[in-house]
Structure formats: C-alpha cells, structure tokens
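> Fold the following for me, if possible:
(3 chains)
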Amino acid sequence: MTIPRLMLIAAAALATCSHTCAADDTLTIGFTVSRTGKLNTESTAQMRGFELWRDEVNVRGGIAAGDKRYKVSFVSYDDESAHPRVQQLYTRIINQDKAQFLFSPYSSGLVATAAIVSEQHGRIMLTTGAAEEKTYKLGNKNLFQVYSSADLYLAGAIQVVKELYSKAEPALVYKDDPLSKAVLQSARKQVAEAGLRTALDEAYSPETTDFGPIINKVISAKADVLLGGGHYSDGATLARQLHDHGARLKWVTLLVAPDSPNFATLGDAAVGISVPSQWEPQVSFKPDFGPTAAEFTQRFQAEYAIEPGYHAAAGYAAGLLLQHAIEEAGTLDQIKVADVLNKMDVTTMFGRTKFSTNPREHGLQIGHEMVLAQWQKKDGKLVKEVIWPKAAKTADILY
Amino acid sequence: MIGLIASLIDGVLVGAVYGLAAMGLTLIWGVMNVINLTHGAMIVLGMFALYFSASALGLPPYGAVPVTIVIGFAVGVMVYWIAVHRVIGRPHLMSLLSTFAMNMVLIGLGTAVFSTSPYNVPVALPGIAWRGYTFTGTHVVAAALALLIAGLLYLLLHRTRIGKAIRAVAANREAAELNGIPTTQVLSFAFGLGVALAAVSGALIATLFPFNVLSGGAYELKSFVVTVLGAMGNPAGALMGGVALGLIEGAATPFMPVSWTPVIEFVLFVAVLISFPRGLFAFTRS
Amino acid sequence: MTAQEFSPSVAEVAARQPAEHRRAPLWQRPFTWLIVLAGLVFAFLPAWSDNVQLRESLSLAAVYITLASSLNIMLGFSGYVNFGNIVFFGLGGYICVYLVSEWLWPLAAAALAAGVAVSVLALIFGLGILRLRGAFFALATIGVNQAVKAFVSNFEPWGGATGIYLSLDVYDPLGGPAQALWIVYFLIVAVMTASLFLSYVIKSSKFGLGLLAIGENEDAAAVLGVHTPLYKALAYSASAFLPAIVGGLFFFKSGIIEPAGAFDLTVSIEAIVMVMLGGLGTVTGAALGAFLYEELRGVLLTTEAFSHFQLVIAGVLLLAIVRFAPGGLMGLIYRRWPRMRRLLE
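Next comes the predicted model:
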C-alpha cells in the first residue's frame, strides 16, 4: 500500500523547473555534447577544446567587451547523439537558460538540427564538427562555420592517389549520413576529373557493424583504393576488418576516424591509413592572436594527458574566434558581433578563417584548408604524420 | 560467381552465431511463453564479460567464453526473480513490459558506467584465404563454437535430468508440478540458461566486431527474425533459422547495396509471421 | 492464443459504465467539457504569458498525449499491443514534410493528407497482420516499423538515411518562423484535443463496446456477432490517423526529419509506458500518463545528476507499475475515490 501511495505523491510532485539566470558580468554560451551515443568520442574531444579555452579566458579575467569584462560560463547538456534531444535542448538553452551565444553539437547531422532552432530564435551559433554545406544554404543569417566544408575533404587524397597510382580504381564506401554523403558527392566528381574509374560506389547504413559483406564486394570489384568511411565507430571497425580480410588495398583514406588518437589501438590495421584532417598538432600557422599550434598542443596535453585531434582544436578555435569578435565589437549585441564575424579574415592556431557573406551560403567557411594525415610506424610506434599538402608535410607518404 | 559463393559461406558462418543468439530467446519462449526483451542487454552483457575477462583477468579471448556462460546464467536467474517470476501466466503485455523495463534499467546502468564508447577485443587469428577472399579466423572459430554450444545444449536438454524436467515443464507445467518437479526452480534454471546462451553469443560477437552498450539492440531484432524463421520454441530450429538468415544476407549482398538487407530481413519477418506464425521449421516443441 | 491478452481493468471498464451515461448525448456529458477545458488550458496558458519555453514543453506533452490516447484505442480497448505504433507518426511526418517541401502544399492540407494516407495504409496493413494474436501481433508491429524505417533509409526521394531538411522559407506563408511556431502549436493542441475526443467517442459507442468485447475474449465476441476482423482493422486505422497528423506538424516544426528519429522504437515503447502509467483503457489515464511521463523525462534530461540515469529511472518506474499497480494511476485513483469513475473516463 505504501508504494502505490508513494507513486501518487511522486506523480503529484512532478512539476519542477530549474533555470539559471545570467549574472550581469557573465557571458553564457550554450551547446550540447554527445556524452552518450555513437558520437561520444569526437564530441567529448570537441568539448574539451571549448573548456580549455574557457578556463584560459577566465583565468585572465574574462572577455573584454567595451569597458566591461565578462567571465565565460557554459550551459551544456547531453544530446545523446540524437536529433530530437538536440532540438529540445537548444530550445531550452535559448529560452530558459538565456544563453547569449551558441556553440554547436558535434556532427553535421546534429548541427543541422540545432541550426534550425538557433535560426528560428535568431541567435549566433559558431559551428564546429560540421562540414556539410547544405546547412548553410537554407537561408540562415547567424551561422558561422569553423570547419572546412565537406567538398574539400577528399580532394587531397584523390590528388595523391592520382600521382601515385595513375590507373587506380577506387572503391567509394561510405556511411549514409549527412557528412559522408556530402563529402562523397564532391569526391565522385573529383575522382572523375582525375580520370580514375570508380570500381564500386556504395553507402552503408550507420548501424553497420559487420563490414564483411561490403568488403567482399570491394574485393569482387577488384578495387585497389578505398575512399570513404564515416565517423569514429564505423571507421575504426571498417579499418580493422579491412585488415582481417586481407583486402590488399594499395591506399585507404577514411574520414574522421583515423584522426582520433584512439585509432592507434588498432595496431597494424592502422598503418598506412590516411585521413583528411582539419588540423594536426604539427601545423605551423602564425596566428594573429591566441597561442600557436604547438603551444595549444602542449597546454591540451598538460590538461588532458592526450594529444589533441582536430575536433578539440576546432572547439578551442571557436572560442578564440568568438572572443575576438566580441572584443572587436566591444559589446555583446548580436547584430554588432555578427557584423564583425562577417568581416573577419584572420589566422589562428587552427588556420585561416573567413566566413562567406553570400546570403545563399552565409557562414560557410571559405578561408580554411585541410591537410592529409597518415598513420606510420616510427621506431616501432604508431604516429600520425602530415603528408599533404607538400607545404605542410612532416613526413613522406607511405605507400 | 566466386564472390557469391564467398558471400554465402560468410553468411553461413555469421548465421551460426545469429542462431546461437536466437537460441536463448527461443528456449525461454518455448519453456515459459515469455518473450525476453532483455535479450539485447544480455548479449551486451556477454560482450562486456568477454572484454573484462580478457583484459582484467588476462584470459585468452576464447578462454573467457566459459566465464561468460557462468556470468550469463547467474544474471539470468537474477533477472528471472526480479522481472519474470510474477508475470508468468499473466497476460503477455505484462511480461513484455516487465522484461522491457528490466532492459531499460540494465542498458541505463550500463550507459552510466561504460558510456557508449566503443570497446574492442583484438583477436589475432589467421584467416582462411580462398581465391582472393578471406574467411577471417574469428568468423570460423565463432561459428565452430556456436555449433559446439548448440550441440551441448541438445545434450543437456535430451540426456540429462534437468533437461528432461525443462522439457516436461515446457510441455505442460501443471502436469510436471503434479509429477513432483519443482517447476519454479526449473523455470528459473531455464531462464538462466536462455540468458547464458545470449551472453555467450555476445561474447563470440565481441571477437568479431567492436561493440558498445547499445550494440545489443540490433542483434535482438535479428534474433526475433531468426526465431520466426526457425521455430518458436525449438532451439534446433533457431540454429537453422540463423543459418537461413545468414544465407539470405549472403545471397542478397552481392546484388544490391548492402543497406537494402534490413529491408528484406524485416519484410521477410512480417511475411513469415503472417503466413507461418509457428515458424518455418515448425517441429513440435521439444 | 485464446487466453485474455489484456489487463484486468478492461473488463472493469466495460462493467463500470452506468447505463444512463451511455444514453446521454455527448455534449451533455461533463467529460466532454473536461476535454475541451484541457485543450483551452493548453492553448491559452503559454499564449497569455508569451512563454516560449512553456509552449515548447507543452507542445511535446501534447504530441505524446496524442500518441498515447490513439494507442489506447488499440491497446486499451481491444488489448492488442502495438509495439511499433511510432510508424504512423514517422510516416505521417515524412508525407507531410515531403508535400510541404517538394510540392509546396500549405501545412494544414499536407498534414491532413498525411493523416488520411497513413490511415488508409494502416487499414490495408492491418487486415494483414491483425490475423495474428497476442505476442505475434506485437512482434509483427515491430517488424512493420523496422521494415518501413529500413525502406525509407534507402528511399532517395525522401533523402535516404539523411532525411529531409526544410529550408527556412517554408515558414514564410505562416508569417515567419516565430509566428509559424505559435500557429503550429495551436494546431498540435487542436489535434491533441481531437485525439482525446476520438478516444472518448469510440469508447462510448457500440464500436467501442465491440472492441472491449474483443479484448475480453475474441472468440466469444466473434461468436456473438462482433465482426472482429473489420473492427480490429478499423481500430488500427483509427489509431493511426491522429498520430500521423501530429507527426506531420511535429516534424514541420522541427525542420528536419530522418529515419532514426522518425521511427524510433524507444519512443514507441514510451507511448506504451505512458498508457500503462496512466491507466490502460481510460481516456484520462492516457492523457495523464503522457503528461507526467514527459515532464519526468524533461526533468531527468536536464538534471545533471540524473541525465545518465533517465533510462534506469524510467525502467524502474515501469517495473513498479507492472508489479504493483497494473491499473496505472487511474486504477489507484478509482480505488481511492470511487466516485471519480462517474466523472472521468
């Protein structure tokens, strides 16, 4: 009898609502993190980038806007790598938590979802972890993309393949999700322009864990190069299974996955695999403000005991860029800050940043360039080296 | 052509493991008329059990398999007493919801403890190469172990006293009770056994691909499909159903994008359910 | 599978109706006005205070109430467990969003068309799978949901696994995003009220009595002249209509629809939990259960300590209901205050 009673009481007591009010000298930035779900690995890295930036800014007294200094405070929730959550949470972040600026979730798909909410409410959102261009072509006014967009991803790899193996027959095997589809749409054209014949062109469902069937198809198609993949979980599995199946491919470039330091756990299966990267610790840009890549890497490693990948670097860069924009605008006013962002053309540890102001693709990143990194064995240990473009490389291509 | 044969063989290998996974589900269904919706969580349990036995206890991966069986059994019995005991014989909705609720609790706890990061059990085995294709060593061993365990299950059910008791209770619980069989004990044993099978199939799957806390769901759905293709209640039918599903997948993939396979699977599932509610290989309940 | 497939409260429900009530015309019954009141409260509360956060929260609650009360038509009255009920929501969403984005239909027309299309499909499908009883039917509904999800993931005109993204100018005919969201909200509330009403009307009708009889003992009902296959198929179809419409509205508001989110089996099961929580077979129960569950979920989602435990708590809650209070909250309320039975349904 007590339990049903308790239930009744519990049911009656269920109307709780908590909200945080932004204090006068606090700047609230809101975003969601995929603390659970498939995107957990990359999203956590991105968040660490945000947090490192926030901690550094606050130690120095906060962001200076006009004659006031604002300490940065985050409001973040777990989106569980799921779209409906993202919408609910961003609505809450904007309306209840009253965040003044927004960062994005991780992954093109979730960012597209968040963008709808941020645009519906007219809030500035710096997007990281989102390379797909379609999001910026839907008529937005307040999105600012930090990553290079998807069509650039495989350009480098295709160029390298063309140089090394002029008669290569690539298999395009990729995840059926917004990022990979966008990347491969451009890649297809680039492969054709390079004069290579596509041996196989197939998307796999995001739920796939057994790549055996598709690997067999790659072998049947007699492909000698593989381009594609998706995010970390499927990419890592694909790499491992390619190794187990002895697919004997001359060249493999996978998206996203090989950039994570965790990829090294694949051991021999990782050797030779390359990844289009938004950033590597070895890059040597001369920043207009903020730390150099080496300094950032050192600080990140001191804080988190692992090397940063590009997800973390982009998170940190987003913070830097927003800070710079606010400081230049001298105010927190959305319109003025957006104005500064629109006119921005700067270099940070992340590379060059310039946002498109063409209303048909507002916010698209048009200044940043990508590199190609590859896992190689040095003195028996696995390391990630930059192999392209020639100007940025730290090691020769392994093939 | 060779590609097709390689695909079919691969299908059979993986199918044996699907069959093992479904065997646990079908055993529980056959004995106590309960659809165990914690099946997916139990598969994941096996995956993690293997992972931790291999890394923490330092056991070789396949050596950890018996450990998984024991753990699975123990957890199964526990789940029986928490979620199943009171709902046997009550309307189906109750047992469905009860086991589903248990599933939510287990997956929720798992997520809180392990998050949904992927885990991997690296197993280095030479594969069997054939005409350019390779049948990975892990697939072959997993299939062999699946068959072995299925065989052991058969022996258990048909050559031991407890097995006889299980079959008696499955046939007619009241009569078994009247004959002096402690049916509740037998039911909890059978449930534990069903879960142990699910767990060990999870352990085998863990040797094949990386996994995370949410991986069980997909295999649970496949187990439903297999159970329906086989016979609902007959473990041998489940094994055959698993192989059948593997063959269907193997036959389809060379000819269409791999992403169409689930469509075929589920359409088949519904079609078979409507036409043969007792399963295609509808032998009498053992 | 001839044994009873329902919870004890269905029989109680049928026996509970005093004869007078069944004969009074709908607009004279107090419960009808309760439903209207609920709808008005939902509509005016956020509007009067221009509270967007409240609107969003109530919006989600209204969607779930629609799902739960429509599900109740099958589950609560005839006892058939539709595990895959979310398929109506998802398909309705896709059809509506597609019509709006590709064929530029106005929202109301698109949503209505989605509702009609999905009900017709449900009728056809229903005639097939409703031959199955009990657990087989439940499994088949999962199969239908997964098959549709897998098919849509491959269907390029609907965006495949990526889905459809609405461009921001679809809100222009409705006066821009801010106003459009309010309009959509009122539409959702209207649909929610309609679903409660539909559920109530069916329950008080001869059709509903037939469904309850099917739930009690299907073969006996058939023998007594209830046209069981037709009744079941109509119930299945009726339970599809409003979820499809509300799905169209919901995904229009979200601006994006993709297979994983549209055909989410977890949400499907949560709808069942809501009905169980509130009280199987009761109209108030479905609404109450949906509302409370959604509030609970919202709190758990954003409370740091609990966000990881959301699933655990929901599972424990469900276990507790099944174990200790299978009649749900309404069951508890009726036991404590029997006179409420005359007022609430």
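
> Centre-most residue in chain A?
The centre of chain A sits closest to A:Gly129, judged by CA atoms, centre = their mean, with a distance of 2.3 Å.

> do you know how far that one is from A:Tyr310?
Distance of A:Gly129 to A:Tyr310, computed by CB to CB, to the nearest Å: 10 Å. For every residue, glycine as well, the C-beta is placed using N, CA and C.

> Mind pulling the model confidence for the residue nearest to the centre of chain A?
Per-residue pLDDT puts A:Gly129 at 87.

> Likewise for the one 4 residues further on?
The pLDDT attached to A:Glu133 in the predicted structure is 86.

> cool, B:Ala176 as well?
On the pLDDT scale, B:Ala176 gets 87.

> Run through the residues of the stretch 101-250 of chain A sitting next to chain C.
Listed as neighbours of chain C in the stretch 101-250 of chain A under the rule CB under 8 Å from any CB of the partner chain: A:109, A:112-113, A:116, A:119-120, A:134-135, A:138-140, A:176-178, A:181, A:203, A:205-206.

> and the residues you listed near chain B, which?
Within those, those near chain B by CB under 8 Å from any CB are A:Asp176, A:Ala203, A:Ser205.

> what's the helix or strand for the second one?
What it means is A:Ala203. strand A:200-204 (DSSP states H and E).

> That strand pairs with which strands, parallel or anti?
Under the criterion DSSP bridges, strand A:200-204 sits next to strand A:170-175 (parallel) in its sheet.

> Just the buried residues of whatever helix or strand comes next after the strand it pairs with, please?
Using DSSP H and E, the helix or strand that follows strand A:170-175 in sequence is helix A:178-193. The neighbour-count check on helix A:178-193 (16 or more other CB atoms under 10 Å in any protein chain shown) flags A:Pro178, A:Leu179, A:Ser180, A:Lys181, A:Ala182, A:Val183, A:Leu184, A:Ser186, A:Ala187, A:Arg188, A:Gln190, A:Val191 as buried.

> same thing with stretch A:284-292?
So, applying 16+ other CB under 10 Å, buried residues of stretch A:284-292: A:Pro287, A:Gly290, A:Pro291.

> Closest to C:Gly79 out of those residues?
Here the nearest of the buried residues of stretch A:284-292 to C:Gly79, counting by CB to CB, is A:Gly290; it sits at 64.7 Å.

> Wait, that closest one touches A:Thr348, no?
Yes. Checked against CB atoms under 8 Å, the pair A:Gly290 and A:Thr348 is within contact range at 5.1 Å.

> pLDDT below threshold where in the chain?
In the absence of a named chain, chain A is used. Counting by pLDDT under 70, the ranges of chain A that qualify are A:1-24.

> Correction: the question concerned chain B.
In chain B, residues with pLDDT under 70: B:116, B:232-233, B:277-286.

> Number of residues surrounding A:Ala305?
7 (other CB atoms under 10 Å in any protein chain shown).

> residues touching it, list them.
A:Ala305 makes contact with no residue under the criterion CB atoms under 8 Å, 6 or more residues apart in numbering or on different chains.

> Torsion angles phi and psi at it?
With angles defined as degrees, to the nearest 10, A:Ala305 sits at phi 60, psi 10.

> separation between it and chain B?
The gap separating A:Ala305 from chain B is 17 Å, by CB to the nearest CB, to the nearest Å.

> Likewise for A:Lys71?
30 Å.

> thought that residue was touching A:Asp25?
Yes. Using CB under 8 Å, A:Lys71 makes contact with A:Asp25 at a distance of 6.4 Å.

> Name the residue in the two with the higher neighbour count.
Taking neighbours as other CB under 10 Å, A:Lys71 and A:Asp25 compare with A:Lys71 leading, 15 against 11.

> name the element the more buried one belongs to?
strand A:68-78.

> What's the first helix or strand after that strand?
helix A:83-95.

> could you say what helices and strands whichever helix or strand comes after that following helix packs with?
For helix A:83-95, the following helix or strand on the C-terminal side (DSSP H and E) is strand A:101-103. On a contact count with 3 or more CB pairs under 8 Å, 6 or more residues apart in numbering or on different chains; DSSP states H and E, strand A:101-103 meets strand A:26-33, helix A:83-95, strand A:125-127, helix A:310-329.
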